[in-house]
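# Build me a structure from this.
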Amino acid sequence: MIKNYFKMAWRNLVKHKFISFINLFGLTVGLTCCLLITVYILHETSYDKYNTNASRIYRVTRSFNNKDGAVTLRLGTVAPPFGPLLQNYFPDIQKMTRLLENGKTPVRYEEKIFNEDKLFFADENLVDIFNVAVTKGNPHRALLDPYTGMVTEEIAKKYFGDQDPMNKMIRINNQFNLKITGVYKAFPSTAHIHPEIMVSFNTLKDTAIYGQKSLETNFGNNSFFTYLLLPENYPYQNIIAKFPAFLDDRVHFPGAPANFKPSLRTTLGLQKLTDIHLRSHLDTEAEENGDIMRVYIFGVIALIILLIACINYMNLSTARSTLRAKEIGIRKVAGATRQELIAQFLSESVLISCMSMLLAFGCVALVIPWLNTLSGLTLSLSILLKWQIIVVILLVPFIVGLVSGVYPALFMSAFQPVKTLKGLFRAGGRSISFRQALVVVQFTISIVLIITTAIVFQQLGYMQKASLGYNKDHIVVLPYNIATTTQYESLRNDLLANANIRNVGRSSRIPTGRLLDSQNAALIEADSLQPINTELKFLAGDYDFIPTYDIQMAAGRNYSRDFGTDTSSYVVNEATVQTLGWGTPEKAIGKELSYGGMRGKVVGVMQNFHFESMHQKIVPMVLVLPRLQQAGFFHSISIKFSGANTTEALQAIEKAWKKNVPETPYEFDFLDNRFQKQYESEQRQGSLFTIFACIAIFIACLGLLGLSSFAITQRIKEIGIRKVLGAGAGSIVMLLSKDFLKLVVIAAVIAFPVAWYAMHQWLADFAYRISISWWIFIAAGIIAATVALLTVSIQAIKAAMANPVKSLRTE
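Numbering: from 1, shown residues only. Below is the predicted model of the structure:
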């Protein structure tokens, strides 16, 4: 019986090739999108789950509050003393480990030298907690002794080739030698952090590197990733509830009053390891994280596109029901029950779904490499090869077949054989209304996607073209480290000797980064300190930082080598002036300020500029000129060159660098590249929205093409009579098209408020954003109407130009 159902289903598919192709193609595209997005969702939700301890590992987080209790900074890193203190204070903590990222670090072995940006100082427990797959060395001792470390297999190959890396010595940052005591497999791509070189944490006890005392008492340097291993199913909220008492008991700030409670100004938290990638968006993260909302959005889009394809099937199946009316009547007269007819029609839809799923797998295999390039991810079809996933995938064609085929099956199986055999049956009434409702749903979804795509790109354009308050063009950024400190003046002089180089400046951070540092601030009034209730961000910069970035002064002056007292002066931005209530920039000049325990006067006010991305507001900031012995504050060199001869300028920079800093590999980055990277996530999101919007419209138009073709075929005699009576081709096209255009108008009316609400919520994530323009909605409606009109017109023009004699002769 079942074999017969599928045999008849195949015959019907072959008989109605055009409709079958539309259904097959639409479902294939829909299922391809679903599979691709399923691969993406499975990839994103699998982060850190490779770790057998994943459910027991928690990251310690820290936030800072102002006096009003408002959170001003949220960090995924904490100060170094917290790890041991927490383990001693809470006996339920089984293990603790810390990681300190060292930034871009020059590493040398013999004549090989590279900059490594994934070098971490790591506690010995890290190997156990993170299930590090050690291939050489003792996993329990490899990170125990100072000046020892572990490398990935790839790093070992990079430096030592086929030699055994064990006990080899490499030079780190031209500062100390590191003995290789272990080799491990690289962390999986679905880990939230990827150390490639791990240096024993005990190395930091060296005063020249960090210092034992700082590790035990420095609560200000929040740069350490700290992880706790708790017992299985442990109620970690119990520990969080005790954090305030822990802070007040164990944390001490130099110079703070005896009755000061640290818990009033800072808070600790615990974050599940498996929540970091998708649910953590703190101010410091190990790597760029995903977003659970993006996962939800793309999941909904996948279902929507599949729904549009299913709607096509329902529409076309019910529309061509009149062609099968006699077949149904004969089957019923021959004794077929309604249940058997339903089974027959459902077998057709399941057969198409199964064929579509097979084709979809082939399409996914072809498309995944392109999607990886677009998204920057490492997606693979292998993630689907788990029995739980395979079972669901095998069920999908049957579910899709049932969903798309159940209504047509119920509708057609209810035909009365007397009417169908006498030719009295007409597929009208409720079936037409239902088909129209489905078309409205399709175009509502399409218009929403068009609007969202347009607004995403409009916001991107605004961010990329908005005035930043500084000039990002023709600036090269280089790392600043210990080796650079001693040779900086020589390097700077050699650079400025070239006519293509305009300025060279140093700073602790550079625009396009984040302003995360701050120090205690107070106003000096009548020789007394008045604490400031607002955080003033810290930025170290030398005399040349402001001119290198063409930052304009609102009042006063920049730091100058002509003034020997400038290291005890301050330059602030306009946001600081406004926050501190100084009125105008001019009135701020000469105001006294205590910052980081150092008193000084404001000598200049910079115009506000967007140091961070448009996601963040411009915040109050103090530009500090470090003293000569404080050059360690600097981490970057910015070089401004003329755009006349970029190649010559880059060659001059490379020559000067290799001459003065030969121990550090020459690696540079353009500032405008860093600027573009700030919005890579939105750019990818916009590109994907564009693709999905086009797919949704395309599938909707496929259905509309088939539906209009059938509707026009039903009215072929009417068209012939109208032409005989003198109707022109234009009026006939309009007559045939207007019913479908009405549906698009209804879809637009529904789509506009939905799209406005969705994008209003999305734009709320940006501190600086566009206003949603009314014309975007009108343009989206016009695009949808134009596409629908062109689709319908293909069939309408063909019918209008046909010879009426032929149509009137045809029954």
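
# hmm, who's touching the host helix or strand of Lys157?
If you go by DSSP states H and E, Lys157 is part of helix 153-160. Outside helix 153-160, the residues within contact range by CB atoms under 8 Å, 6 or more residues apart in numbering are 107, 109, 112, 114, 116, 135, 151, 165, 168, 170, 180, 183-186, 196-197. Using the backbone N, CA and C atoms, a C-beta is placed for each residue, glycine as well.

# List the contacts of the nearest residue to Ile750 once chain neighbours are set aside.
Using CB to CB, 6 or more residues apart in numbering and skipping the chain neighbours, the partner closest in space to Ile750 is Thr444 (4.8 Å). Under the criterion of CB under 8 Å, 6+ apart, the neighbours of Thr444 are Ala747, Ala748, Ile750, Ala751, Val754.

# so of those residues, which ones are in helices?
Secondary structure defined by DSSP state H assigns Ala747, Ala748, Ile750, Ala751, Val754 of the contacts of Thr444 to helices.

# Can you tell me which of the residues you listed comes closest to Leu100?
Val754 (47.4 Å; CB to CB).

# Can you report how many residues lie near the closest one?
Neighbour count of Val754, defined by other CB atoms under 10 Å: 15.

# Show the contacting residues for it.
Val754 is in contact with Thr444, Val448, counting by CB under 8 Å, 6+ apart.

# what pLDDT, on average, does the helix holding Lys157 get?
Mean per-residue pLDDT for helix 153-160: 95.

# By neighbour count, which bits of it are buried? Give me those.
For helix 153-160, the neighbour count (16 or more other CB atoms under 10 Å) marks Ile155, Ala156, Lys158, Tyr159, Phe160 as buried.

# and what of stretch 120-129?
By neighbour count with 16+ other CB under 10 Å, stretch 120-129 contains the buried residues Phe120, Phe121, Ala122, Asp123, Glu124, Asn125, Leu126, Val127, Ile129.

# Run through who's touching it.
With CB under 8 Å, 6+ apart as the test, stretch 120-129 has contacts from 53, 57, 83, 95-102, 132, 134, 139-144, 184, 195, 197-201, 203-204, 227, 229.

# Is Gln578 part of a helix or strand, or is it coil?
At Gln578 the chain is in helix, as set by DSSP: H, G, I helix; E, B strand; the rest coil.

# I should have written Tyr570 there, sorry.
Using three-state DSSP, the structure places Tyr570 in strand.

# I'd say Val183 and Gln163 touch.
No: contact criterion CB atoms under 8 Å: Val183 and Gln163 do not qualify, at 11.8 Å.

# higher neighbour count, these two?
Neighbour totals were compared for Val183 and Gln163, and Val183 leads with 22 against 10 (other CB under 10 Å).

# Wait, a helix at the more buried one?
No: counting by three-state DSSP, Val183 is not part of a helix but strand.

# Check the burial of the residue lying closest to it once chain neighbours are set aside by counting its neighbours.
Using CB to CB, 6+ apart and skipping residues adjacent in sequence, the residue nearest Val183 is Lys136, 4.0 Å away. If you count neighbours by other CB under 10 Å, Lys136 ends up with 18.

# what residues are up against Lys136?
Residues in contact with Lys136 (CB under 8 Å, 6+ apart) are Asp164, Pro165, Met166, Gly182, Val183.

# before we move on, what about Ala649?
With CB under 8 Å, 6+ apart, Ala649 has these contacts: Asn498, Asn500, Ile501, Phe641, Ser642.

# Can you lay out these as JSON lines showing distance to Pro244 and pLDDT?
Converted to JSON lines, these look like this (distance: CB to CB, whole Å; pLDDT from 0 to 100):
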{"residue": "Asn498", "distance to Pro244": "57", "pLDDT": "92"}
{"residue": "Asn500", "distance to Pro244": "57", "pLDDT": "91"}
{"residue": "Ile501", "distance to Pro244": "53", "pLDDT": "93"}
{"residue": "Phe641", "distance to Pro244": "52", "pLDDT": "93"}
{"residue": "Ser642", "distance to Pro244": "56", "pLDDT": "89"}
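
# Buried residues in the biggest helix by length in the chain, which are they?
Ranked by number of residues, the top helix in the chain under DSSP H is helix 338-375. For helix 338-375, the neighbour count (16+ other CB under 10 Å) marks 341-357, 359-361, 363-364, 367-368, 371, 375 as buried.

# One more: stretch 240-251?
Phe243, Pro244, Phe246, Leu247, Val251.

# can you list contacts of it?
Contacts of stretch 240-251 (CB under 8 Å, 6+ apart): 85-86, 89-90, 219, 261-263, 266-270.

# and of the residues you listed, the nearest to Leu402?
Closest approach to Leu402 among the contacts of stretch 240-251 (CB to CB): Leu270, at 45.0 Å.

# Can you name the next helix or strand after whichever strand or helix holds Val440?
Applying DSSP H and E as the criterion places Val440 in helix 430-465. Downstream of helix 430-465, the next assigned helix or strand under DSSP H and E is strand 475-479.

# same for that following strand, what does it pack against?
Counting contacts by 3 or more CB pairs under 8 Å, 6 or more residues apart in numbering; DSSP states H and E, strand 475-479 packs against strand 636-641, helix 646-660, strand 669-670, helix 671-677.

# can you list contacts of it?
With CB under 8 Å, 6+ apart, strand 475-479 has contacts from 103-104, 115, 510, 548-549, 635-641, 650, 653, 657, 664, 666-672, 674.

# picking up where we left off before, let's test this: what are the backbone torsions at the residue nearest to Val183?
phi -140, psi 140 (degrees, to the nearest 10).

# Sounds good, over and out.
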